[in-house]
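Engineer: kindly generate the corresponding structure for this input.
(chains A and B)
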Amino acid sequence: MPWRLLRFGLSKKHPEPRMFTPHAELKKHYDVVIIGGGGHGLAAAYYLARDYGITNIAVLEKGYIGGGNTGRNTTIIRSNYLTPEGVRFYDTSLKLWQDLAQDFDLNLFYANRGHFTLAHTDSALRTMRWRAEVNKHYGVDSEVVGPEDVKRAAPMIDLSCGGHAPILGALYHSPGSVARHDAVAWGYGRGADQRGVEIHQQTEVLGIETEGGRVRAVNTSRGRIETGKVLCAVAGFTPRVLDMVGIRSPIHVHPLQAMVSEPVKPWLDPILVSGSLHTYISQSARGELVMGAALDPYELHSTRSTLDFAEGLSSHMLDMFPFLSRVKVMRQWAGMADMTPDFAPIMGLTAVEGFYLDAGWGTWGFKATPVCGKTMAYTIANDRPHELIGGFSLDRFRDYALTGEKGAASVGH
Amino acid sequence: MKIMTCPINGPRLISEFAYGGELRAMPDPAACGDDAWSDYVFHRNSAPGVKREWWCHTPSNTWFIAERDTEQDRILRTYLYGEQP
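Structural biologist: Presented below is the predicted three-dimensional model:
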């Protein structure tokens, strides 16, 4: 087998097709410039090209495709949110996920595992019931289950969690899934590329020119581009880009860390989340345990890792699964999360005409990749917000009309 | 672990401290309009840089000011409010 692989690799007869077309130069003008070559930006480019026939698009990426939060999250996909706006939005995303691999003709390793949000207190259980009822009302498969159901799905769990945080029940969401995050960015990127979108990596945006309240041009590390429409989809870099156009926002940036263990035999099928223990865990197709926790406790624009985090998370992990005590941590990393006060995103039009925002994705952005692409493409093509993102506009803070998603968006609050 | 210097208690582990956000001037709630008030309540100066922030040493409940580089993760200096060196 290795010889055949080597021969295949060296043969000129079967060259492996490149995923993306390299472009030596930036054009002078694009109809749409998308800042940020992560899942969200590439998805918006893909749907703009596929559904609206807008193909004169440049996606500008400072680093490499999917190298930001798209490649740093823990790949969990679910739609059991708390607000009607959130549930409708994320459920549309979940349905898009289910056909995405066929759309792309690319294996996304989409694995439907089922998702348990553990409740260790009465108040947590109360929120679970609330979420389950909202979810069911909008047709999302979601129910409160007892500790015995958790034990059945994950027999290795210590239901008492070391004796100090016994599991009283859980919110069970059967469509909960995981997917290979790099493939998502690459799938959207390739689909956009095939339809004529230009993807420019190693291209940093240095400034945005406006004239009379309208976007006019984007200055990059590789030259100036004229354009009337700019989409900002840069996660933790959002405040820097907003400063270029003079827009104020409530976004604040904290690092979110995660880690994986060495690969072990498959033993954990579902995805488990515990708000009280600030922990989420799933087992990847490679056998690694993918683990995440709460945000770092103070503002920071850096992706450094800390030992405190690895220690704290391991300790909580051992509360749930004491048998993991000899399993080694293999890798640790961080991403910069653009947090909002109400734990809902900020999407849509802004005070600067032609400047569109897909931001405030904090710790909950990966699962929304398809629906963000789709709704932002609609918003850009029609110059009005898609109905699904009406509750996510930047103006909601000025109007004191927040979309409180804190109870369902993340752990550790 | 990172070390932060409390102006009262000296150098301590950062896990003993709580972050209280950037030092900001509150507009007069009686005099300012709704827009100015919502700007104060929600909006933040979030681009990276050297910032003056509230921090609290939680075991002694000491609130103080820290100057911190939010891109490099460096604490430049700390002092009690109103006692800027």
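Engineer: up against chain B, what does chain A have?
Structural biologist: Proximity of chain A to chain B (Cβ under 8 Å from any Cβ of the partner chain) is limited to residues A:238-240, A:243, A:248-253, A:297-302, A:304, A:306-308, A:341, A:397-400. No exception for glycine: its C-beta is placed from N, CA and C like everyone else's.
Engineer: buried ones among the residues you listed?
Structural biologist: Among those, those buried by neighbour count (16 or more other Cβ atoms under 10 Å in any protein chain shown) are A:238-240, A:243, A:248-253, A:298-302, A:306, A:308, A:341, A:397-398.
Engineer: returning to what we had before: in helices only, show me the residues of chain A next to chain B.
Structural biologist: A:Thr238, A:Pro239, A:Arg240, A:Asp243, A:Leu307, A:Asp308, A:Phe397, A:Arg398 (DSSP state H).
Engineer: going by distance to A:Thr83, which of those residues wins?
Structural biologist: A:Phe397 (15.7 Å; Cβ to Cβ).
Engineer: once you drop chain neighbours, what's closest to the closest one?
Structural biologist: In this structure, A:Phe397 finds its nearest non-sequential neighbour in B:Phe42, 4.2 Å apart by Cβ to Cβ, 6 or more residues apart in numbering or on different chains.
Engineer: next up, the contacts around the one you found.
Structural biologist: By Cβ atoms under 8 Å, 6 or more residues apart in numbering or on different chains, the contact set of B:Phe42 is A:Pro250, A:Pro341, A:Phe397.
Engineer: likewise A:Pro270?
Structural biologist: Here A:Pro270 is in contact with A:Arg113, A:Gly114, A:His115, A:Phe116, A:Ala153, A:Ala154, A:Gly176, A:Ser282 (criterion: Cβ under 8 Å, 6+ apart).
Engineer: what is the burial count for the second one?
Structural biologist: Which is A:Gly114. 18 (other Cβ atoms under 10 Å in any protein chain shown).
Engineer: rewinding a little: take the contacts of A:Pro270 and keep only those in strands.
Structural biologist: Within the contacts of A:Pro270, residues falling in strands by DSSP state E are A:His115, A:Phe116, A:Ser282.
Engineer: looking at these, state which has the most neighbours.
Structural biologist: Among the ones in strands among the contacts of A:Pro270, A:His115 has the most neighbours (other Cβ under 10 Å), with 26 neighbours.
Engineer: list the contacts for the nearest residue to it once chain neighbours are set aside?
Structural biologist: Leaving aside its sequence neighbours, A:His115 sits nearest to A:Gly176 (Cβ to Cβ, 6+ apart; 2.4 Å). Residues in contact with A:Gly176 (Cβ under 8 Å, 6+ apart) are A:Ile76, A:Ile77, A:Arg78, A:Asn80, A:Asn112, A:Arg113, A:Gly114, A:His115, A:Pro270, A:Ile271.
Engineer: separation between the spatially most central residue of chain A and chain B?
Structural biologist: Closest residue to the average C-alpha location of chain A: A:Phe366 at 1.7 Å, with Cα atoms, centre = their mean. Note on A:Phe366: its distance to chain B, by Cβ to the nearest Cβ, to the nearest Å, is 22 Å.
Engineer: how many neighbours does the residue lying closest to that residue once chain neighbours are set aside have?
Structural biologist: Counting by Cβ to Cβ, 6+ apart, the nearest residue to A:Phe366 once its immediate chain neighbours are dropped is A:Asn73, at 4.2 Å. Neighbours of A:Asn73 under the rule other Cβ under 10 Å: 23.
Engineer: correct me, but A:Asn73 touches A:His181?
Structural biologist: Yes: A:Asn73 is in contact with A:His181 according to Cβ atoms under 8 Å; the separation is 6.1 Å.
Engineer: got any residues that touch both of those two?
Structural biologist: Counting by Cβ under 8 Å, 6+ apart, the common neighbours of A:Asn73 and A:His181 are A:Phe366.
Engineer: what segments of chain B are helices?
Structural biologist: Under DSSP H, chain B gives helices at B:34-42.
Engineer: which bits of it sit near chain A?
Structural biologist: Of all the residues in chain B, those lying near chain A are B:1-2, B:15, B:18-19, B:34-35, B:38-39, B:41-44, B:46-48, B:51, B:53, B:70-73, going by Cβ under 8 Å from any Cβ.
Engineer: just the buried ones from those?
Structural biologist: B:19, B:38-39, B:42-44, B:46-48, B:51, B:53, B:70, B:73.
Engineer: how about the contacts made by A:Met156?
Structural biologist: So A:Met156 contacts A:Trp267, A:Leu268, A:Phe321, A:Phe323 (Cβ under 8 Å, 6+ apart).
Engineer: separation between it and chain B?
Structural biologist: 30 Å.
Engineer: look up phi and psi at that residue.
Structural biologist: The phi/psi pair for A:Met156 (degrees, to the nearest 10) reads phi -80, psi 0.
Engineer: cool, A:Ser284 as well?
Structural biologist: phi -80, psi 170.
Engineer: quick one: residues contacting it.
Structural biologist: Applying Cβ under 8 Å, 6+ apart, the residues near A:Ser284 are A:Thr75, A:Val178, A:Val260, A:Val290.
Engineer: now, these that are in strands?
Structural biologist: Going by DSSP E, the strands hold A:Val178, A:Val260, A:Val290 from the contacts of A:Ser284.
Engineer: low-confidence regions, chain A specifically.
Structural biologist: Scanning chain A for pLDDT under 70 picks out the ranges A:1, A:410-413.
Engineer: so where do the strands sit in the stretch 151-300 of chain A?
Structural biologist: A:169-173, A:177-178, A:198-200, A:205-211, A:214-220, A:223-226, A:229-232, A:252-261, A:271-274, A:279-283, A:289-295 (DSSP state E, counting those that start in this stretch).
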